[in-house]
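K.L.:
Below is the sequence, then the predicted model.
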Amino acid sequence: MKVAVIGTGYVGATTAIAFASWGHRVTGLDLDARKIALLRQGRLPIYEEGLEELLQESLAAGTLSFSTEAKEAVETSDVILLAVGTPSAEDGSADLSYIEGASRQIGQHLNGYKVIVNKSTVPVGTGDRVREIIAAQLQARGRTDLDFDVASNPEFLREGRALHDALHPERVVLGCARPRAREQLLELYAPIADHTHILCTAIRDAEMIKYASNAFLATKISFVNELARLCEQTGADILHVAKGMGLDSRIGEQFLQPGVGYGGSCFPKDVAALLHLAQRHETPLQILEAVEWVNHTQHERFLEKVRCSLGDLSGKKLALLGLTFKPNTDDIREAPALKIIESLTRSYQDVKIAAYDPQGQAHVKRLYPYLTYSPTPEVALQGAHAALLITEWPQIVQLDWSEAVTTMATPYLFDGRNALDATRMKQLGYRYFGIGR
């Protein structure tokens, strides 16, 4: 099939590369000429393990191309996927301006039957809005004879495992209004139909499934983080508690790892968007409101341990280990590390922060150029009064902690991910503090 993917960000680029690897002829479309030039060279503007290599293979095979010209991409495609950003507006709602702009482009160049698919995370009812915009453009052109369908195919990519999730999805959700659109999308996913679950629903069902899924996963994270607070007060160990809970097949162990809160491009904005949708429909989601509150306060609970242990942090050096919201990505959006930096620098003007991250340093440096950025975690730890482990990168977890303790000014270790063996760290001489332990 001939496929156009509008938007070559994280979701768009990954989706385009995956479809091209299945043998579809894919055009990635973006207004950013610099990004398109980079992709044409076989280079990615993001970090995702294995993705750049497959990009280069697809370019060489001729199944993948990139363009800034909407007309040709729209006219020559059978399926058009919208994979543009839907960032949070000030009130928490999803900003649909990029979706609306892309829809207008499609309406201006539509020349025959196409299926226009929302791959972006959008509020319930956005499919209707896309249809209205395209129909208005066709009417303005005097081409109301042209037929098209709008569908929803939400993405479920995990950053750090996006390539695997794109090539081997656990499930594919197809929200369609008419059989013709459903048949087109089933053909699109035919290369993997034998080894994944494909669920066909109404468009609004598919739109809600994405928000509901992310909101539930965020709920598990905030639940275990709040439970960790109680464990600290009662002397229970959250790791043992979470393991015992996770052995129940009705609960499962995933997303029951306590830490400094969730971040990234999905959970914070999707929870906010769902809460805004609920407010607009006068249907309060009180559980989800609590989920968001716990996440907003989790980093302060973590910093309170640091303050209680070290006292006044003025003039002290803190090694901040890990800046991205999770390992194996360069994404710093809503990363807990940023909240910690903001809180520390706001409260203590002369606190010294030595930051390390194998992929995210350049992004954070643009926001906080006055911090010290270390080439290795070992360098960051030299002379530090405390180590704050925020992201469990292998380079951090697997460093020689027995050597590092000898280089620190005071051996305080605050493990914001419970990534290290507490008993071993204490044996090495650290004053170790985990989450919920």
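P.N.:
In hand now; what should we look at?

K.L.:
Output stretch 316-332 as CSV, nothing but the C-alphas.
P.N.:
Extracted C-alpha coordinates of stretch 316-332, given in CSV (Å, rounded to 0.1, in the frame of the first residue of the first chain):
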residue,chain,number,x,y,z
LYS,A,316,26.5,21.5,48.9
LYS,A,317,27.3,19.5,45.8
LEU,A,318,24.6,17.0,44.6
ALA,A,319,25.3,14.5,41.9
LEU,A,320,22.1,14.2,39.8
LEU,A,321,22.3,10.8,38.0
GLY,A,322,19.8,10.5,35.2
LEU,A,323,17.9,13.3,33.4
THR,A,324,15.5,11.6,31.0
PHE,A,325,12.1,10.4,32.2
LYS,A,326,13.2,6.8,31.7
PRO,A,327,16.3,5.0,30.4
ASN,A,328,16.9,4.2,26.7
THR,A,329,15.5,7.4,25.4
ASP,A,330,16.6,11.1,25.1
ASP,A,331,13.1,12.4,26.0
ILE,A,332,13.1,14.8,28.9
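
K.L.:
and it, what's its mean pLDDT?
P.N.:
Mean per-residue pLDDT for stretch 316-332: 96.

K.L.:
try stretch 179-196
P.N.:
Rounded mean pLDDT across stretch 179-196 is 97.

K.L.:
now do the same end-to-end measure for that stretch.
P.N.:
Start-to-end span of stretch 179-196 (Cα to Cα, to the nearest Å) is 21 Å.

K.L.:
So what touches it?
P.N.:
Here stretch 179-196 makes contact (Cβ atoms under 8 Å, 6 or more residues apart in numbering) with 1, 3, 19, 22-24, 78-79, 113, 115, 117, 149-151, 153, 167-172, 174, 176, 198, 200. (Each C-beta comes from the backbone N, C-alpha and C, glycine too.)

K.L.:
Among the residues you listed, which lie within helices?
P.N.:
19, 167 (DSSP state H).

K.L.:
Now, of the contacts of stretch 179-196, which are buried?
P.N.:
Buried residues within the contacts of stretch 179-196, counting neighbours by 16 or more other Cβ atoms under 10 Å: 1, 3, 19, 22, 24, 78-79, 115, 117, 149-151, 153, 167, 169, 172, 174, 176, 198.

K.L.:
for the helix or strand residue 355 falls within, packing partners?
P.N.:
Counting by DSSP states H and E, the element that carries residue 355 is strand 352-356. In terms of contacts (3 or more Cβ pairs under 8 Å, 6 or more residues apart in numbering; DSSP states H and E), strand 352-356 is packed against strand 317-321, helix 336-347, strand 372-373, helix 377-381.

K.L.:
and it, what's its mean pLDDT?
P.N.:
pLDDT averaged over strand 352-356 gives 98.
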